[in-house]
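[1] Return a 3D structure for these sequence lines:
(one chain, ligands or ions: 1)
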Amino acid sequence: MPVFQNLIGGEWVAASSASRNINPSNTNDVIGEFAQGSAVEADRAVAAAKAAFPEWSRSNPQMRYDILKKASDEILARKDELGRILSREEGKTLAEGIGEAARAGQIFAFFAGEALRLTGETVPSVRPGVGVEMTREAIGVVGMITPWNFPIAIPAWKIAPALAWGNTIVIKPADLVPHSVWALCDILDRAGLPKGVLNLVMGRGSVVGQAIIDHKDVAAISFTGSVGTGRRIAAACVASVPMKKVQLEMGGKNPLVVLDDADLKTAVECAANGAFFSTGQRCTASSRLIVTEGIHDAFVAALTERLQGLVVDDALKAGTHIGPVVDQSQLDQDESYIDIGRKEGAKLHWGGERLNRENPGFYLQPALFTECTNAMRISREEVFGPVAGVIRVKSYDEALAVANDTDFGLSAGICTANLKYASHFKRNSEAGMVMVNLPTAGVDYHVPFGGRKGSSYGPREQGAYAKEFYTTVKTAYTLA
Ligand code: NAD
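    Numbering: from 1, shown residues only. Now for the predicted structure:
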């Protein structure tokens, strides 16, 4: 059985315990034993990152470019293999896994360039003879805590900007998907990162994650995960001495509005892809399909037909459209929400059944509810599975009001052929990302990513904008 260790201070080190990583498409398939760190390893990793910071933060940007570019080249060259690693441990289809691995490679290439593009400003002072400079500096040791649903892309979009702008890192990946981050850290280590710049401590959130958050030498925390964990992390960052900078990317209850004038095929594709691909396990998944009366019945019929054609099976098998749910506890959560939806009076129009396949795995047929109201729990709480509900509305105005009536605000979409409604929706949606005739999930990597309300807190991630989090501004005054 392969054994995977933590990376601390440039050395691969064993931990006192290990945990088994299981393939959700086939629970008989054990991927390997992964080190389970403790607070001791977290402390050592922070100490190593702290020691590496002075030199790395002042390193030549050409050196940072070269390392990030080398990592990008290797990720892209190995995208099929890395995609397979990812799909095997997370359960998204191989095509999705390979696409995500390629995305990680693109992100490293983008941020390699960003290492060379950091600029400052000089402005005239309001005082005679004084010059003012505004520059950006690295913030220090950044703790990163990542979720299981994008095992390589999310770590990549945190690690790459942090390194590009001179920070050092301690990362704790989600317990369910350590292999992808392990592979990424191995690539970066071999790409020439000095010892201690990037440290990997696998282990439980309540143990390793908590130790990173509580550590006084960690300057900032970048977290992606659920709202509950995020809220606790933000409170701990504010309470710590000194206070920590914090960035949270959390859940969603993303609306897809379908208007009478929408192209039916486009609307069905947006809904099928946005709600059910990647097993619905995306923070940007469309879980509320808000449909106007005139197209409602045709849309539901066409979407149902599309869902009937989707193959739910082993993530690594050719022809699979939807892989398994990630684990038993997520499957229990999905099934409990299907039950809640029924009891609340929504109609389970299609799917929602447990499925058996060749190997034992967590297979669930996509579930489409109709006759939903926006007050139901399945319309208000994040399920994080292949479960979506249709809410019938009378007009565009009602659709917009329902779309915005949520505690979340990550992504929102509209399908319409009417420029007036498309423009109005772009301006008036209370989400961080708005899609017109596109699925709510699926974004570019060179522009900001993030939401409003309960979905995000702190500066956005990705693109050049990521420097709002990964650098701090200094204002210097000089008497000439
Ligand atoms: P989670 O909150 O359970 O776990 C996220 C990470 O936090 C894991 O690494 C976990 O080990 C760690 N953690 C748990 N308890 C901790 C603690 N007490 N202290 C420190 N760390 C702790 O979330 P998850 O189930 O892994 O991921 C699913 C969630 O992530 C969903 O809500 C989804 O919407 C969200 N998500 C958001 C985005 C986004 O960018 N907005 C992207 C992907 C996923």
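[2] In terms of secondary structure, what does the helix or strand hosting Gly131 contact?
    Element membership of Gly131, judged by DSSP states H and E, is strand 130-138. Contacting strand 130-138 under the criterion 3 or more Cβ pairs under 8 Å, 6 or more residues apart in numbering; DSSP states H and E are the following elements: helix 39-57, strand 121-124, strand 471-479. Every residue, glycine included, has its C-beta placed from N, CA and C.
[3] Would you tell me which one of these is buried the most?
    Comparing those by mean neighbour count (mean count of other Cβ atoms under 10 Å), helix 39-57 ranks first with a mean of 20.
[4] Distance from that helix to the middle of the chain?
    Chain-centre distance of helix 39-57: 25 Å, with Cα atoms, centre = their mean, to the nearest Å.
[5] Nearest to the ligand, out of the helices and strands packed on strand 130-138?
    Nearest of the helices and strands packed on strand 130-138 to the ligand, taken as Cβ to the nearest ligand atom: helix 39-57 at 10.4 Å.
[6] quick one, the following helix or strand past the closest one and helix 39-57 angle?
    Later in the chain than helix 39-57, the nearest helix or strand by DSSP H and E is helix 61-77. Put simply, helix 61-77 runs at 120 degrees to helix 39-57, going by axes from the mean of the first three to the mean of the last three Cα atoms, to 10 degrees.
[7] so what secondary structure elements neighbour whatever helix or strand comes next after helix 61-77?
    Later in the chain than helix 61-77, the nearest helix or strand by DSSP H and E is helix 79-90. In terms of contact count using 3+ Cβ pairs under 8 Å, 6+ apart, helix 79-90 is assigned the packing partners strand 17-23, strand 26-36, helix 94-117, helix 178-190.
[8] Nearest to Asp334, out of those?
    Of all the helices and strands packed on helix 79-90, it is strand 26-36 that lies closest to Asp334, at 16.8 Å by Cβ to Cβ.
[9] tell me what the closest one is packed against?
    Using 3+ Cβ pairs under 8 Å, 6+ apart, strand 26-36 is in contact with strand 3-4, strand 17-23, helix 79-90, helix 178-190.
[10] repeat that for 10 Å
    Under the contact criterion of 3 or more Cβ pairs under 10 Å, 6 or more residues apart in numbering; DSSP states H and E, strand 26-36 touches strand 3-4, strand 6-8, strand 17-23, helix 79-90, helix 178-190.
[11] Tell me how far the shortest one lies from the chain's centre.
    Put plainly, it is strand 3-4. On Cα atoms, centre = their mean, the centre of strand 3-4 falls 25 Å from that of its chain.
[12] Next: stretch 82-92.
    15 Å.
[13] need the contact list for the most centrally placed residue in the chain.
    Nearest to the geometric centre of the chain sits Ile154, at 4.9 Å (Cα atoms, centre = their mean). Going by Cβ atoms under 10 Å, 6 or more residues apart in numbering, Ile154 touches 100, 104, 107, 144, 146-148, 173-174, 180-181, 222, 224-225, 249, 283, 461.
[14] Okay, and which of those map to helices?
    Counting by DSSP state H, the contacts of Ile154 place 100, 104, 107, 180-181 in helices.
[15] Out of those residues, flag the one nearest to Lys343.
    Nearest to Lys343 among the ones in helices among the contacts of Ile154, with distances taken as Cβ to Cβ, is Glu100, at 35.8 Å.
[16] my guess is that closest one contacts Phe150, does it?
    Yes - using Cβ atoms under 10 Å, Glu100 is in contact with Phe150, at 6.3 Å.
[17] burial count for the residue of the stretch 1-150 of the chain found nearest the ligand?
    In the stretch 1-150 of the chain, the residue that lies nearest the ligand is Pro147 (3.1 Å; Cβ to the nearest ligand atom). Per other Cβ atoms under 10 Å, the neighbour tally for Pro147 reads 24.
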